[in-house]
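**Student:** Generate coordinates for the sequence data below:
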Amino acid sequence: MTDRSRGWLIEIGQTLILTVVIFLVVQTFVAQPYEVLQVSMERTLEPGHHVLVDKLSPRWDEYSRGDIVVFRAPDEETDSVPFIKRVIGVPGDTVEIRQGSVIVNGQPLDESGYVYDDQPTQATGDTSRFTVEPGTLFVMGDHRMQSQDSRSFGPVPLANVLGRAVIRYWPIDQLGILDTPRYPDFQAATR
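**Tutor:** As a prediction, this is how the structure comes out:
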């Protein structure tokens, strides 16, 4: 093997190693692809859709009501398929399920822009009132009748949250930033 061939092979090897290192750093700390497998976020996200999960911005920007997050359910094993749901309550909030509506801190939450076919929200267990403790989020799927969420397993520890879904990149004809509803007139609980 000539010196030139050996040099060329070393360059290729270094490039491949650097590429793998950059990929692992980006996927671990910055962004990660996620395929939606459940029906719980229908119509917002359908099974087979692919989203990019932002892992970086939550380090300085707290999760907000309306964000779509990917997480490991509190009672699931770490190697199980992560869930994707919408943040309904943030630390300090009181969330109630009453007469088909979601009440946060005593105010009805306007969910008309994303709840599947305007389904009423029902409690799924014995509890219909939840306090969102520090270090947790209360999450629900947009397809309420087909969602296993905080109504059944309680608020999700922030340590279980992988990140915020920000961009749908597949199918390509639906490429775009995911809308996050904001509630400008909504009174937040004191944190």
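**Student:** And the helices in this protein?
**Tutor:** Counting by DSSP state H, the chain has these helices, from start to end: 3-25, 150-153.
**Student:** right, so these: which one is the most enclosed?
**Tutor:** When neighbours are counted by mean count of other Cβ atoms under 10 Å, the highest per-stretch mean among the helices of the chain falls to helix 150-153, a mean of 20. For every residue, glycine as well, the C-beta is placed using N, CA and C.
**Student:** Now that helix - C-alpha only, PDB.
**Tutor:** The C-alpha atoms that make up helix 150-153 are tabulated as PDB, following Å, rounded to 0.1, in the frame of the first residue of the first chain:
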ATOM      1  CA  SER A 150     -51.700  11.500  33.600                       C
ATOM      2  CA  ARG A 151     -55.300  10.800  34.300                       C
ATOM      3  CA  SER A 152     -54.300   7.100  34.800                       C
ATOM      4  CA  PHE A 153     -50.600   7.300  35.900                       C
END
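**Student:** what's in contact with that helix?
**Tutor:** Applying Cβ atoms under 8 Å, 6 or more residues apart in numbering, the contact partners of helix 150-153 are 73-75, 85, 88-89, 95, 97, 123-125, 127, 130, 137-140, 156.
**Student:** what would the helices of the chain look like in JSON lines with distance to Val102?
**Tutor:** Supplementary listing: the helices of the chain in JSON lines, determined by distance: least, Cβ to Cβ, whole Å:
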{"stretch": "helix 3-25", "distance to Val102": "39"}
{"stretch": "helix 150-153", "distance to Val102": "10"}
